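# Structural data only, the sequence is not supplied:
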C-alpha cells in the first residue's frame, strides 16, 4: 500500500506539472494576442502566431487528457472500439495534420503506391496511437531531427505502421518495461523531458483491442527507437462484396 501511495502521489505531481505547461502557454499567448488586438493597427502576423501557439498548446492538453482517459479505460478493461472500415493511410495522414508546422517539417511519411490498407478499426483511437507514437519520436529526438513514419503491408494479412527516430534510444532494461503503466526511465527524468508514462501503455491497449500487436526496438542508448504496429486487414474480397 505504501508503494501504491507513493506511485499515486508521484503521478499526481507529474500530471499537475505537465498539464500546467500547456495551460501557461495558452494563457500567455492569448494575453499577448488580446493586448495586440487593442492597438489601432494590430500586428496581424504577431497575433496570428500567438493564436497558433495557443491552439498548439490546446492540442497538447487535449492529447494528455485523451491519453489519461484511454489508459484508464485500458486498466479497467472498458475500452470498446467503435469499429468501421477505415484506411490506415487516411488515419495516419489525419493524425499528422494535427501537428504544428515546425513538427510536420521534421516528419517523413512513406506510403505504398496502389495499396488499399483497409481494416475494421476505430479511426479516432488509432489516430491517438499515431499521435502518441509520433509525439514520442519528436520529443526524444535531437532538435530538428527527422522522424520516419511508414505505412506498408505487413505479414499474414496485416497493415504495418512504423515510427522510427534517431533520438535517445533505449537500454535493454528500459525497453523491457516501456509498455508498463507510469513507466519513465531515470535517464529521461534527469533530462527533464515531460511525460506521464501512460502513452505507450494506452497504445498497447488500443492496438490489442483491435487484434493487433505493437513492438519497440532499440539497439541501445543514443541509437534511436523504432515502434512497429501491425493491425489485421479486412479481406479485399469482403470489400468487393
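Here it is on my side, so go on. Everything numeric here is computed off the predicted structure, so don't read it as measured data.
# per-residue confidence for the closest residue to residue 32 other than its chain neighbours?
Leaving aside its chain neighbours, residue 32 sits nearest to residue 50 (4.7 Å; criterion: Cβ to Cβ, 6 or more residues apart in numbering). Quick note: C-beta positions are derived from backbone N, CA and C, even for glycine. pLDDT, residue 50: 91.
# mind starting the numbering at 622 from now?
Got it, first residue is 622 now, which makes that one residue 671.
# close enough to count as contact, residue 671 and residue 654?
Yes - judged on Cβ atoms under 8 Å, residue 671 makes contact with residue 654 at a distance of 4.1 Å.
# How about the contacts made by residue 721?
673, 677 (Cβ atoms under 8 Å, 6 or more residues apart in numbering).
# before we move on, what about residue 829?
Counting by Cβ under 8 Å, 6+ apart, residue 829 has contacts residue 835.
# Give the buried residues for the helix or strand in which residue 795 is found.
Assigned by DSSP states H and E, residue 795 falls within helix 793-797. Across helix 793-797, burial judged by 16 or more other Cβ atoms under 10 Å covers 795-796.
# Now residue 766. Nearest residue, chain neighbours left out?
Among residues not flanking residue 766 along the chain, residue 787 sits closest, at 5.6 Å (Cβ to Cβ, 6+ apart).
# burial measure for the one you found, as a count.
17 (other Cβ atoms under 10 Å).
# just checking, it touches residue 843?
No - in this structure residue 787 lies outside contact range of residue 843 using Cβ under 8 Å: 9.2 Å.
# Which residues are in contact with the residue positioned nearest the centre of the chain?
In the chain, the centroid-proximal residue (Cα atoms, centre = their mean) is residue 753; its distance is 0.9 Å. Contacts for residue 753 (Cβ under 8 Å, 6+ apart) come out as 684, 688, 820-821, 823-824.
# In which helix or strand does residue 680 reside?
Residue 680 belongs to helix 665-697, assigned by DSSP H and E.
# Grab the nearest non-local neighbour of residue 731.
Residue 731's closest residue in space is residue 771 (Cβ to Cβ, 6+ apart), at 4.5 Å.
# Is the one you found in a helix, a strand, or coil?
strand (DSSP: H, G, I helix; E, B strand; the rest coil).
# ranges for the strands of the chain?
705-708, 728-731, 739-742, 768-774, 779-785, 834-838, 847-853 (DSSP state E).
# Nearest to residue 804, out of those?
Set against residue 804 and scored by Cβ to Cβ, the strands of the chain come closest in strand 834-838, at 11.1 Å.
# The closest one pairs with which strands, parallel or anti?
Taking DSSP bridges as the criterion, strand 834-838 forms sheet pairs with strand 847-853 (antiparallel).
# and the angle from the strand it pairs with to strand 779-785?
160 degrees (axes from the mean of the first three to the mean of the last three Cα atoms, to 10 degrees).
# just how off-centre is stretch 725-732 within its chain?
Distance, stretch centre to chain centre, for stretch 725-732: 15 Å (Cα atoms, centre = their mean, to the nearest Å).
# what does stretch 840-852 give?
Relative to the centre of its chain, stretch 840-852 is centred 14 Å away, using Cα atoms, centre = their mean.
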